[in-house]
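Asker: Fold the following, please.
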Amino acid sequence: MYADLTADEMKLADLMSDISEEAYCAGWMANLEYVLWDAVLNGERQYGRYFIKQKDIDALITLSHLTDSWIYFDDDNEETAMPLNSWRERFKKMSEITRNLFK
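Answerer: Model prediction:
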């Protein structure tokens, strides 16, 4: 839950949510965490009506390294921090399913 995040994890969650709001007027668009991680790995891209710029990517990288985490959303716990190593494994496992989200 958002309330369980550290101050820096909240900054990461807020940045991710702000991008979602700009792109889709949604606090947390479905699969946002996957789209943003793919941007971290592969660079700038259009996302809805927003263009994810390098400055956004740099901020995501900085905050994720500072917290050693990535934020994901689920219906039970909402915004949740996951250690980066675990997130990388989850992203890799989901890459086949999510690949088409990034085109």
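
Asker: With just CA atoms, put the strand or helix carrying Met16 into PDB.
Answerer: Element membership for Met16, per DSSP states H and E: helix 7-24. Presented in PDB, the C-alpha positions along helix 7-24 are these (Å, rounded to 0.1, in the frame of the first residue of the first chain):
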ATOM      1  CA  ALA A   7       9.400   8.500   1.400                       C
ATOM      2  CA  ASP A   8      11.600   7.800  -1.700                       C
ATOM      3  CA  GLU A   9       9.400   4.900  -2.800                       C
ATOM      4  CA  MET A  10       6.500   7.300  -2.600                       C
ATOM      5  CA  LYS A  11       8.400   9.700  -4.900                       C
ATOM      6  CA  LEU A  12       8.900   6.900  -7.400                       C
ATOM      7  CA  ALA A  13       5.200   5.900  -7.100                       C
ATOM      8  CA  ASP A  14       4.100   9.500  -7.600                       C
ATOM      9  CA  LEU A  15       6.300   9.900 -10.600                       C
ATOM     10  CA  MET A  16       4.900   6.800 -12.200                       C
ATOM     11  CA  SER A  17       1.300   7.900 -11.400                       C
ATOM     12  CA  ASP A  18       2.000  11.400 -12.800                       C
ATOM     13  CA  ILE A  19       3.100   9.900 -16.100                       C
ATOM     14  CA  SER A  20      -0.100   7.700 -16.100                       C
ATOM     15  CA  GLU A  21      -2.200  10.800 -15.400                       C
ATOM     16  CA  GLU A  22      -0.600  12.700 -18.300                       C
ATOM     17  CA  ALA A  23      -1.000   9.800 -20.700                       C
ATOM     18  CA  TYR A  24      -4.500   8.600 -19.800                       C
END
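
Asker: Just checking, which helix or strand succeeds it along the chain?
Answerer: Later in the chain than helix 7-24, the nearest helix or strand by DSSP H and E is helix 32-42.

Asker: how far out from the middle of the chain is that following helix?
Answerer: With C-alpha atoms, centre = their mean, to the nearest Å as the basis, helix 32-42 stands 6 Å off its chain's centre.

Asker: likewise stretch 38-51?
Answerer: In terms of C-alpha atoms, centre = their mean, the centre of stretch 38-51 is set 11 Å apart from its chain centre.
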